[in-house]
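*Asks:* Below: sequence and its predicted model.
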Amino acid sequence: MPRKRRIWYPGASFHITSRGIRRTSLFWDEEDREEYLRLLVEVMAKRPFILQTYCLMTNHIHLQIKTLQHSPSNIMQLLHFNYAKYFNKKYNFTGHVFESRYGSELITSARYELEVNRYIHLNPIRAGMINSLEEYPWSSYFDYIESKEGSFINSEQILAYFPEPQIEQYLQFLYARGKEADQYPI
C-alpha cells in the first residue's frame, strides 16, 4: 500500500521530527551536532526555507520550518542524506542513520505555531537532561533571548506575537502552564 501523500504548499509551516535508527543516538559528540547545524545552514542555502526553531536531542531532532519553494521532503532528504554520509564515514558505519521517514505536522494556526515553538524549546527539560534552558546550547533558545547577528534562525514571526518587552513576554509564555498559558497573545 503506498504511503499517504503529505500536504505541502509554498508558505506552509511544519513541525519536523526525526529519530535515530532503533532509537540510537544521532549525535555522539559536539562535533556531530555542529556538523548537523552546518549542514542545515547549507541546505537552507540550496533549498531555501525559514527556520524558526530547532532542538537537537541525543537521539532525535525537532525543526519548526516555513517552506518557500521546496517541500519538506526535498529539504529533509538532502539534509539527512548528507548527515548520514558524514556520520557513517566518521564512525565507519554503513546503512541507515535515521529510523524512518521524518515526521511532519502541518501548522495551521498561530496558537499551534506558538505551542510547537514552546514544545521544541522545552524538550530538553521535559527529557530530564537539564534544569534550565540556559544549560542547553543545542537549540534555538538563545536566538530568541539574545540578539545574535548572523543567526540562521528567524525568530521575528514568533516574537511578533508578543507586546514589548517582547523577550520578557516570550519567556513568560515559554514557562507558562495551563490556564496561565491561555492568556498569551492568540
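*Replies:* Okay, I see it. Small disclaimer: the values here were computed from a predicted structure and weren't measured.

*Asks:* Next, work out how far apart the spatially most central residue of the chain and Tyr9 are.
*Replies:* Central residue of the chain (CA atoms, centre = their mean): Leu63, 1.9 Å from the mean position. Using CB to CB, to the nearest Å, Leu63 is found at 18 Å from Tyr9. Every residue, glycine included, has its C-beta placed from N, CA and C.

*Asks:* Break down the chain into its strands, ranges please.
*Replies:* 13-19, 49-56, 60-67, 103-107 (DSSP state E).

*Asks:* Give me the neighbour count for the residue nearest to the residue nearest to the centre of the chain when sequence neighbours are not counted.
*Replies:* Of all residues not flanking Leu63 in the chain, Ile16 sits nearest, at 4.2 Å (CB to CB, 6 or more residues apart in numbering). By the measure other CB atoms under 10 Å, the count of residues near Ile16 is 19.

*Asks:* residue contacts, Ile16?
*Replies:* 61-65, 72, 76, 102-104 (CB atoms under 8 Å, 6 or more residues apart in numbering).

*Asks:* one more time with 6 Å
*Replies:* Contacts for Ile16 (CB atoms under 6 Å, 6 or more residues apart in numbering) come out as 63, 102, 104.

*Asks:* unless I'm mixing things up, the last one is touching Ser73, no?
*Replies:* No. Using CB atoms under 6 Å, Ser104 is not in contact with Ser73, being 8.7 Å away.

*Asks:* helices and strands of this structure: which one bottoms out on pLDDT?
*Replies:* Counting by mean pLDDT, DSSP states H and E, the chain has its least confident helix or strand at helix 178-182, which shows a mean of 58.
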